[in-house]
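[1] my questions concern the predicted model and sequence given below.
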Amino acid sequence: MYRIITIEREYGCGAGEIARQLAQRLGWELWDHALTEEIAKLANVECAAVERCEERADSTFRRLVNTFLRGSYESHMSAAGSEPFNTDRFVDVGQTVMEKVARTGNGVIVGRGAPYFLRERADVFHVFLYAPFPEKVRRLRLLGKSQEEAEHLLENVDRERIEFVKRYFDADWPTRSLYHMMVNTAIGNQNVISIILTTMGIFEKAPIRVQPPTHSGEHLPAK
């Protein structure tokens with residue numbers, strides 16, 4: 001029986017809203033911004049600090065800055081007695097929080113490396129959502145983005161996710177064999193939700209263990 005659904009996604013495909021509607025339909029907890037808040041609470045930092053690290057690999061310059069600030073007066077201003085919050089820290093705290101969420105169950109987790117953190121759990125159903133470029137632009141325009149802003153975001157956000165997954169999980173993004181299913185959201189939110197629930201039911205009746213790949217380029221290191 002699946003107790004958690006992870007929703008990994010291409011930026012702009014509408015996954016956040018689909019996850020919200022899916023959680024509502026199931027009566028489950030939605031772990032999207034709530035996950036950011038939980039990580040921030042455990043790390044004793046502001047949510048903005050977590051948001052800057054989510055699915056982004058620290059640049060070399062930022063890593064040097066964090067190293068320089070370690071133990072300095074400035075580092076104690078944000079969280080006394082703790083190290084500066086960077087992506088390394090996000091990954092450490094994020095894994096702790098996601099494992100806690102998974103143990104609690106009945107939750108839908110959006111992004112933030114959840115499929116990789118929880119890849120060893122048999123009670124987690126992994127979904128990847130994507131869409132054609134024009135569909136992603138359309139959805140972003142509905143959210144108030146200009147054409148130019150939408151195109152800029154689509155060219156850059158997923159590139160950061162690729163770098164994040166490569167650096168912290170030594171895997172290509174998306175790691176296709178990690179997911180139970182991949183769905184094109186251009187078919188509409190309700191159709192996507194129906195397909196997710198139907199497919200999850202099929203897997204529950206005839207369980208098939210989704211295994212992390214082991215061949216070069218998609219290797220996921222053991223925990």
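    All right, it came through fine.

[2] could you give the bridge partners of the residue nearest to residue 196 when sequence neighbours are not counted?
    Spatial nearest neighbour of residue 196, excluding adjacent residues (C-beta to C-beta, 6 or more residues apart in numbering): residue 127 at 5.8 Å. Where C-beta positions appear, they are placed from N, C-alpha and C, glycine not excepted. Taking DSSP bridges, one obtains residue 7, residue 181 as the residues bridged to residue 127.

[3] what's the burial count for residue 127?
    Applying other C-beta atoms under 10 Å, we find 25 residues neighbouring residue 127.

[4] what does residue 26 give?
    Neighbours of residue 26 (other C-beta under 10 Å): 17.

[5] then residue 201?
    10.

[6] am I right that it is in a helix?
    Yes: counting by DSSP: H, G, I helix; E, B strand; the rest coil, one finds residue 201 located in a helix.

[7] in contact with it, which residues?
    If a contact means C-beta atoms under 8 Å, 6 or more residues apart in numbering, then residue 201 has no contacts.

[8] how near is it to residue 50?
    34 Å (C-beta to C-beta, to the nearest Å).

[9] all strands for the protein, in order.
    4-9, 29-31, 107-110, 124-130, 181-184 (DSSP state E).

[10] show me what the first one packs onto, helices and strands only.
    Other elements packing on strand 4-9 under the criterion 3 or more C-beta pairs under 8 Å, 6 or more residues apart in numbering; DSSP states H and E are helix 15-26, strand 107-110, helix 114-117, strand 124-130.

[11] and of these, who's closest to residue 98?
    Closest of these to residue 98 is helix 114-117, at 4.6 Å (criterion: C-beta to C-beta).

[12] quick one: list the elements packing against that closest one.
    strand 4-9, helix 87-104, helix 147-169.

[13] just name the most buried of these.
    Highest mean neighbour count among the helices and strands packed on helix 114-117 (mean count of other C-beta atoms under 10 Å): strand 4-9, with a mean of 26.

[14] and the contacts of that strand?
    For strand 4-9, using C-beta under 8 Å, 6+ apart, the contacting residues are 15, 18-19, 22, 28, 101-102, 105-111, 114-115, 118, 121, 123-130, 174, 179, 196, 200.

[15] quick one, it and helix 147-169 angle?
    Here the directions of strand 4-9 and helix 147-169 differ by 130 degrees (axes from the mean of the first three to the mean of the last three C-alpha atoms, to 10 degrees).

[16] next, the angle from strand 4-9 to helix 15-26.
    160 degrees.

[17] what's near enough to touch the residue nearest to residue 141 when sequence neighbours are not counted?
    Nearest non-adjacent residue to residue 141, counting by C-beta to C-beta, 6+ apart: residue 150, 6.0 Å away. Residues in contact with residue 150, defined by C-beta under 8 Å, 6+ apart, are 12, 136-137, 140-141.
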